[in-house]
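# Any chance you can model this:
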Amino acid sequence: MLDMVEANTTETLMAEIGQRARAAGRVLATAPTEVKNKALLEMAKAVRAATPDILAGNKTDIETMTANGQTAAFLDRGTLSEDRIEAIAGALEDIVSLEDPVGSVIAAWDRPNGLNIERVRTPLGVIGVIYESRPNVTADAGALCLKAGNAVVLRGGSDTIHSNRAIHAALQKGLAAAGLPEDAIQIVPVTDRAAVGEMLKGLAGNLDVIVPRGGRSLVERVQTEARVPVFAHLEGLVHIFVDKEADLQKSVDIIVNSKLRRTGICGALETLLVHDGVAHSHLPIIVKALQDKGCEIRGDATVRDICENIVPASEDDWSTEYLDKILSVRVVADLDAAMEHIATFGSNHTDCILTEDQEAADRFQSEVDSAIVLHNASTQFADGGEFGMGAEIGIATGRMHARGPVGVEQLTSFKYKVRGTGQTRP
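Model (predicted):
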């Protein structure tokens, strides 16, 4: 009986959240750019002012995560500092400078009968964001949805609930200061999984799209159960291919940065593929640079023959997102073999080629079917902020509507405005 009461309570709570979000979304859809920008600036100010409260909440979260044996990657994602909080506030201010997509004309044309037709960007409506262990997503998602004229319902993981609530409180202060409804950015106040289930049902028709940001199990559940469209953010099985024409020093710098700058983010390198023609010349130097920084190398038989202190790679290693100081390495025959490996084991997230051969780079970028494909640059640039989007809700790995970093433009749809002078259809 108690479980039934709790289920009914959660269902009622989530339905009310959805209704309030829909009402707030109608206000945001026509809110002037200057009002939305004022809210963002006030949010940044409130986040800075709330730094002690945010850090206190984060301390509680990290202590709980540590006691529960969370991995180093999750702890890194969940940890906040004064610098990281300042970065959150700075990202809010960066979004102010972005062009407001709402109302912009994508295309316009006149018909022979005199009708004028415009395709115009409009908000999606109400967006649900389900995420794990990333308190910065609370601010990024709230701000991006606001700029694009959408209301948002945030459901963060229980691991960082105190951090999320403290950040959310600052966002609501910013909304209120700008005269916008505080219900425009709501956070689910409970941690039970039933709340996620209600979001996947669509909150009684009030949720228009869901963005999952987390591990494979979360994304798979959302994709399986959701009754509304999903912008899937799948795991980052990120590859770099060192071509036979790769510059050695450039390769070392890019690979070390791609793997070790931050191992817990989705753009971190997980599998290195090396052309057989440069395996003996390049691989020992690359591997030593990684090992000197504490990275464990799991290699195939050829890698183990060429380099020292290599752990044998299993078949599972090629499809593992480590989010840790571990890298799987394979020697391949050529560009085609590298692309075949990526097609077999990749997650369509981010992949890179290192080469001075422009023809090889062009082939790789044309034929590798990933949301982000780089040439001679660190895979850690797979980030909406680095793309000039101010921030991102996630990196969509699907092929419908949005792909790659999901920023303000990707959080809009469009409608057609048709203007006539009395035309009727014969």
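# Run through the strands of the stretch 51-200 of the chain in chain order.
Here the stretch 51-200 of the chain has its strands, by DSSP state E, counting those that start in this stretch, at 105-110, 116-123, 126-131, 151-155, 185-187.
# Of the ones you listed, give the one that comes closest to residue 353.
strand 126-131 (30.7 Å; C-beta to C-beta). For glycine as for every other residue, the C-beta is placed from the backbone atoms N, C-alpha and C.
# isn't residue 109 right up against residue 115?
No: counting by C-beta atoms under 8 Å, residue 115 is not a contact partner of residue 109; they are 9.3 Å apart.
# Look at those two and report which has more neighbours.
Neighbours were counted for residue 109 and for residue 115 using other C-beta atoms under 10 Å; residue 115 has more, 13 against 9.
# contacting residues around residue 318?
Each residue near residue 318 by C-beta atoms under 8 Å, 6 or more residues apart in numbering is listed here: 271, 328, 330, 341, 344-345.
# How far off centre is the longest helix along the chain?
Counting residues, the longest helix found in the chain (DSSP state H) is helix 2-29. Centroid displacement of helix 2-29 relative to its chain, using C-alpha atoms, centre = their mean, to the nearest Å, is 25 Å.
# Then stretch 72-79?
With C-alpha atoms, centre = their mean as the basis, stretch 72-79 stands 16 Å off its chain's centre.
# swap in stretch 275-287?
Relative to where its chain is centred, stretch 275-287 has its mean C-alpha point 33 Å off (C-alpha atoms, centre = their mean).
# And for it, what's in contact with it?
Stretch 275-287 has contacts (C-beta under 8 Å, 6+ apart) with 241-244, 246, 248, 251-252, 255, 272, 274, 297, 302-303, 306-307, 310, 329, 331-335, 338.
# Same check on stretch 195-210?
10-11, 13-15, 17-19, 21-22, 124-130, 153, 155, 188, 221-222, 225-231.
# Out of the contacts of residue 318, which sit inside strands?
271, 328, 330 (DSSP state E).
# just curious, which of these is nearest to residue 371?
Using C-beta to C-beta, the ones in strands among the contacts of residue 318 come closest to residue 371 at residue 271, 16.7 Å.
# Tell me what that closest one is bridged to.
Assessed by DSSP bridges, residue 271 has beta-bridge partners residue 239, residue 328.
# for this protein, which spans come out with low pLDDT?
1-8, 233-234, 390, 400 (pLDDT under 70).
# can you give me the helices in the stretch 201-350 of the chain?
216-225, 248-260, 279-291, 301-306, 335-345 (DSSP state H, counting those that start in this stretch).
# Cool, thanks, signing off.
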